[in-house]
Each structure stands twice: as C-alpha cells, then as structure tokens.
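**Q** Predicted model follows, preceded by the sequence.
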Amino acid sequence: MKRKTASVLLAAGLAISMAACSSSNSSNSSSSSNSSNETKAPSSESSPALSGDDLAFYKFPKPVDVHVGMVVDPTDKTLPQGDSANNNQYTRYLKEKYNINVIVDWTAATGNDYKQKVSLSIASGKLPDGMVVDDRSFMTKAASSGLLYDISDLFQQYASSQVKEIMESTQGRAMENASYKGKMVSLPNITVDTDGVHIMWIRKDWLDKLNLPVPKTLSDVEKTAKAFIDNKLGGANTIGIAGPSKNTFPYATFLVSSNNMGGFDPVFGAMDAYPGYWLDNGDGSVTYGTLTDSTKKTLTLLADWYKKGLIDPEVGTRDNVGDPINANQAGIFFGPWWNGGYGNGDSFKNDPTANWQAYPVYSDDGKWNAHMKTTGSTYTLISKNAKPDVVKAILVMNNALVRDESTFDLSVAVGWYPLRNVMAAANETEYEYAELLKVLKGETKPEDYNKPNSLYKLMYSDAKKVQSVVKAPFDDLSVSNFNMTNFGDFQRMYSLLIGDRPYATTPIDKKVYSVTYNQTPTMETKWANLKKMEDETVLKIILGQASVDSFDTFVKNWKAQGGDEITKEVAELLKK
C-alpha cells in the first residue's frame, strides 16, 4: 500500500484541506471580486515602478501564459457544464484581473496516478512551469536534479504582505521547508496546526439510540463499534470503524504529517505510540517510532479488531476512504478537524440527521497524546526553465488565492484553482472557533473583523455568514443547530465549530513532534525501500496476513538495510 500521501491530501487535502480554508456559496463573479484592489500595469513590464502589495497584485500589460500540471479529483462534479480545467471561474478570474493565461498541460487523478505523473515529470526533467507536489521528497529530488527556479529574490519582491505575514507566523519553519541548500525553490503549504491533530469522529445519534456514552478509551471504542455492528445501525453491512483506503495510510509520518483521513492515528496515540515519527529519547539519541514496542502492541490490537470484524473489511483496498462514511454505513472514523463537514459532506446530504461529533481518544490513564505536524506537506514547484514573468505570475496567483479565496462561488470546488496551495496562520482555526462563538452570542459583530489583508484571512467572511448557518443554543452544538441550505457554508462552519472544538477547548497532555520532517542524505537513496518494507509489514499485520512476530523481523531488516545509518544522521540533526 502506498503511504506517501492520502488521496485526501490531494483530493481532500488539496481539495478539502483547501476547502477547509474557505467556504462560500455566495454568487460572486470572478470578474468583479475585489475589483477595487486591482493594480493596473505600469508602463514597463520588465521593471514595474511598483512595490509592496501594489506589485503583489500586479496586472501584466500583456498576457502571460503559465503552463501547469494539475491534480483532479475524479469524483468532483462541481464544474458547470462547458467549463473545464483550462476554462472555469478561477482561470477566468486570473485572466481578467491579472492577464494570466493558465494552460493545463496535463491532469492526473488524485492519489497514486498523480504521484506517478509527478515522478515521471521529475525523472524526465520535463516539468511544466508549475505543479503542486504532496511530498517534500519530490521537491528535494527536483531541486537536487537542478530542475527548480531559485525564487528567493522574486518572492521578496512579489509576495504580498499577507503571504509574508503567514510565512513569518511559522518562525522560519515554512521558509526552511521551502528551501534546498539555502535557496528558496518552492512555495510552501502552510496549514493550521490542528490539521495534524487526529481525533475520533463518531455518530452521536447512533450512541443516543443505544443510550451509550461517548467512548473515551480504546476499550470503550471497541465496545461501541461492536454495539453499532450488532444493532446494524448502518444497515446490514454496518462498519464499526472505517479505515484507510489503498491511497491513504494507517498513520501520518514525518514526511506526510497531517490530514490523514481514515488512519488509526488516535489509536496509536492512546497507546503512546508514534510510528512514522523520529523521537527524541532525551539523551541525544533518537528512535524511529515505528520500531517501538508500543507500535507493536498497537498493531496487535488493530489486528484483533480486524479479526473481530470491527474494522472495515476492505481496509487498504477501497478506492475512496470516504465511501462507507458518506454512505452512512460506518459509525466511527479518525481524522483531523475538517474531516467532519468537508470530508463527509455526502453523509449529511444522504441523512441530514447524521450527528457526527468529534472527540479525543484517551489512554487508559486518561491522557490525550497527539503527534504534531510540520508547517505543511505540499509544495508549489516552479521550473528552472520558466521565464521571469511566468514566475512572477505564479507568485501573483498565490497572493490572489490567499487574499480572495473567500470571495469565490465555492459551489465550484476550489480545487480547480490552478496551483492551489493552502497558506493559513497556524492558529487560524482556534482563533475562528472562539471568535465565531462570540459573534453568535452577540458579544462581537461581523464588522469588528473587517481588517483588510488580515493574518486571519477568512475571519470577516466567516463572521458575516455564521449567524445564517448556526442557530441557538450554542453551548452544545449538534447537527440540528446547523442550516444546510448553503451547503458550502455549512461544511466550513461544521468543521470549525464541531471538528476543531476538541483542539480549541481541550489541552493535549502530550504533544509529540518529530525530530525532523525532512529527509537526510541517506534517505534520498534508501528511504523508498525502507518505507515500502514498513508499509507492507504494517498492513499485513493488521489484515492478519502476517503474524505479529513478523514485526521483529521487519525491525531487524530495517536497521540492516540503511535504517541504522539514517538514525545516526537524524541524531546529528538533533545535536544541531
């Protein structure tokens, strides 16, 4: 099973994590949005007499063609008839406001198809002007092969003040991630911290039907899943716990540390296990979390759950992680804040009373343990062969997305925005959770948040909408408190006010960070083999296709085939 990313990272993480950063079904035309902010082109294209945000939103005097490779969600049907990847409200917006002509050279479906296309592009040395990749190893491979444009100087000139402020909110981590050997060679994805905090989503209405409490520990989760199945609350084929698909993975890793819809991350956390992360032992040494006894014990538990029929029997083979969730067959799944609302939208369309609620999963001694993400996991790559005006245009496209995303008619999925790569302040969701409740309770007014180019770029837009979506009482929100008429607004408000509630209101007892979220030199040649070995071993153990004892053989082989060498390199990073 491929684990480098989830289809939800490029479908729902380049489509929903993207949608998670904004939502609106208001009918704003792309040609008119923010027209007052448009900067007319100066007389000289090569040396515009502008600076700051005037330059960041610069309209080119002549059309600039930008060739892109694009990921496409094959299940998305939101484009109006006659529109296409090359011609839609987003491409027309870029053409009309900035004279940027987007040309889609190729598309590939989310998941492995897109990964293979990206790999082939890098291997052949034939990159489009721009493409978004979902794993930093793609960026480092392209950079080490001399395929990427050094955007260091142009970024400082053309990035908007808003983009720079978001970058600065990471205390340099985003710039470090976007750079290779001291040169800025990509635009980094910057997502909210809670994207990496995985929680339990559960059908609270099913719990109420059975008069069951919210499960807190893993033994509670097991009993609840069995009760859902025994009572066939999702029909004859009720699934207690949904799991990863063939394009997603059992747990997030240091290279792809967030947005793992359907993974078992909270189960591992409750067992104080952090597979896929490099752990600081506190004595100058490091351990790869997958190799620990805690991980082995968790795999033993998951294998037992699978054998008992509590986990989706098609785990690891389904095409889409959300299928049984959206069909309302599953009662429990794990994932970040946006997975309920954005990730399971069809569940509500199929059953408007589906009361999905979000909670932490606790250890037996009542602790909430969670691994934490890096700043972001996707990168916009720009070809070294791109002309300077094309590079500038890509930077303007990014500025415009950050500033104007909330103004679009998002009944058309924002994934169709070319080179869409989310940038958001790390604490944006927690800030909005608290402030939106103030608006609902009448403590503040939407106009209080009318701050142009704010770090919290969607706050004002959301504040204007929340009162039409959420109704009282506000202290214990359930699906019955939400108006679904404007479904895009419903999805965002549900994700913020239900999905982010655990992280916004409940302290995490143990936050675990990886010593590194990037590759070491030896990883560049040996990690693919080690990762494949890990993927296959973990999945086979869960599915009962290999005994738990095979874990010990895996550990031995992993160390011998480069793992020990890589561990030493990571330990050196810790010392630095």
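**A** Done, it's in.
**Q** buried sites along the helix or strand that contains residue 389?
**A** In the assignment (DSSP states H and E), residue 389 maps to helix 388-404. Within helix 388-404, the residues scored as buried using 16 or more other CB atoms under 10 Å are 389-404. Backbone N, C-alpha and C define where each C-beta goes, glycine included.
**Q** can you give me the helices in the stretch 51-200 of the chain?
**A** For the stretch 51-200 of the chain, applying DSSP state H, counting those that start in this stretch gives helices covering 52-56, 89-98, 112-124, 136-144, 152-158, 161-168, 173-178.
**Q** Name the residues of the fourth one that are buried.
**A** Judged by neighbour count (16+ other CB under 10 Å), helix 136-144 contains these buried residues: 136-143.
**Q** about what we covered before: for the helix holding residue 389, give the mean pLDDT please.
**A** In this model, helix 388-404 carries a mean pLDDT of 97.
**Q** by contact count, what packs against it?
**A** Packing partners of helix 388-404 (3 or more CB pairs under 8 Å, 6 or more residues apart in numbering; DSSP states H and E): helix 52-56, strand 64-72, helix 89-98, strand 100-109, helix 152-158, helix 161-168, strand 186-188, strand 379-382.
**Q** Pull the residues that contact the helix or strand where residue 301 lies.
**A** For residue 301, the host element (DSSP H and E) is helix 293-307. Helix 293-307 has contacts (CB atoms under 8 Å, 6 or more residues apart in numbering) with 218, 222, 225, 241, 250, 264, 267-268, 271-275, 289, 311, 315, 538, 541-544, 548, 551.
**Q** Is there a quick ChimeraX command that grabs whichever of the residues you listed are buried?
**A** Selection of buried members from these for ChimeraX, criterion 16+ other CB under 10 Å:
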select :218,222,225,241,250,264,267,268,271,272,273,274,275,289,311,315,538,541,542,543,551
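**Q** Which of the contacts of helix 293-307 fall within helices?
**A** Of the contacts of helix 293-307, the ones assigned to helices by DSSP state H are 218, 222, 225, 267-268, 538, 541-542, 551.
**Q** Let me know whether my guess that residue 554 is in a helix holds.
**A** Yes - membership of residue 554 in a helix is supported by DSSP: H, G, I helix; E, B strand; the rest coil.
**Q** and it, how far is that from residue 537?
**A** Distance, residue 554 to residue 537, by CB to CB, to the nearest Å: 4 Å.
**Q** Show the contacting residues for the closest residue to residue 428 other than its chain neighbours.
**A** Distances taken as CB to CB, 6 or more residues apart in numbering place residue 192 nearest to residue 428, at 5.0 Å, with adjacent residues excluded. Contacts for residue 192 (CB under 8 Å, 6+ apart) come out as 424-430.
**Q** again, 10 Å this time
**A** Residue 192 makes contacts with 17, 20-21, 258, 336-338, 373, 376, 422, 424-432, 500, 503, as judged by CB atoms under 10 Å, 6 or more residues apart in numbering.
**Q** What subset of those residues is buried?
**A** Neighbour counting by 16+ other CB under 10 Å classes 17, 20-21, 258, 336-338, 373, 376, 422, 424-432, 500, 503 among the contacts of residue 192 as buried.
**Q** close enough to count as contact, residue 174 and residue 377?
**A** No - Residue 174 is beyond contact range of residue 377, at 11.7 Å (criterion: CB atoms under 10 Å).
**Q** list the residues that contact both of those two?
**A** By CB under 10 Å, 6+ apart, residue 174 and residue 377 have these common neighbours: 188-189.
**Q** neighbour-wise, which of these two wins?
**A** Applying other CB atoms under 10 Å to residue 174 and residue 377 shows that residue 377 carries more neighbours, namely 30 against 22.
**Q** does the more buried one count as helix, strand or coil?
**A** At residue 377 the chain is in coil, as set by three-state DSSP.
**Q** quick one: it and residue 518 touch, right?
**A** No - the criterion here is CB under 10 Å, and residue 377 misses it with residue 518 at 11.3 Å.
**Q** Now for those two: what residues contact both?
**A** With CB under 10 Å, 6+ apart as the test, residue 377 and residue 518 both reach 136, 177, 255.
**Q** returning to that earlier point: among the buried residues of helix 388-404, which one sits closest to residue 77?
**A** residue 401 (22.4 Å; CB to CB).
**Q** pLDDT score assigned to residue 372?
**A** Per-residue pLDDT puts residue 372 at 95.
**Q** Pull the number of nearby residues for it.
**A** 18.
**Q** Residue 316 too?
**A** Residue 316: 20 surrounding residues under other CB under 10 Å.
**Q** next one: residue 148
**A** For residue 148, the neighbour count with other CB under 10 Å is 24.
**Q** ok, it touching residue 181?
**A** No - taking contacts as CB under 10 Å, residue 148 lies outside contact range of residue 181: 11.0 Å.
**Q** quick one: common contacting residues for those two?
**A** Counting by CB under 10 Å, 6+ apart, the common neighbours of residue 148 and residue 181 are residue 140.
**Q** With adjacent residues omitted, what lies nearest to residue 188?
**A** residue 178 (4.0 Å).
**Q** go on, residue 290?
**A** What sits nearest to residue 290 in space, not counting adjacent residues and going by CB to CB, 6+ apart, is residue 275, at 4.0 Å.
**Q** Report the contact partners of the one you found.
**A** 250-253, 264-265, 268, 288-292, 294-296, 298-299, 371, 534, 538 are the contacts of residue 275 under CB under 10 Å, 6+ apart.
**Q** By neighbour count, sort out the buried ones in the residues you listed.
**A** Applying 16+ other CB under 10 Å to the contacts of residue 275, the neighbour count classes 250-253, 264-265, 268, 288-292, 295-296, 298-299, 371, 534, 538 as buried.
**Q** Please spell out the segments of the chain that come in under the pLDDT threshold.
**A** Applying pLDDT under 70 to the chain picks out residues 1-48.
**Q** domains for the protein, by residue range?
**A** 7-191+375-416, 197-368+512-575, 428-511 (automatic domain parsing).
**Q** Can you report phi and psi for the closest residue to residue 326 other than its chain neighbours?
**A** Excluding the flanking residues, the one nearest residue 326 by CB to CB, 6+ apart is residue 346, at 3.7 Å. Here is the backbone geometry of residue 346 (degrees, to the nearest 10): phi -70, psi -20.
**Q** give me every residue that touches residue 69.
**A** By CB under 10 Å, 6+ apart, the contact list for residue 69 reads 104-108, 114, 117-118, 121, 127-133, 381, 418-419.
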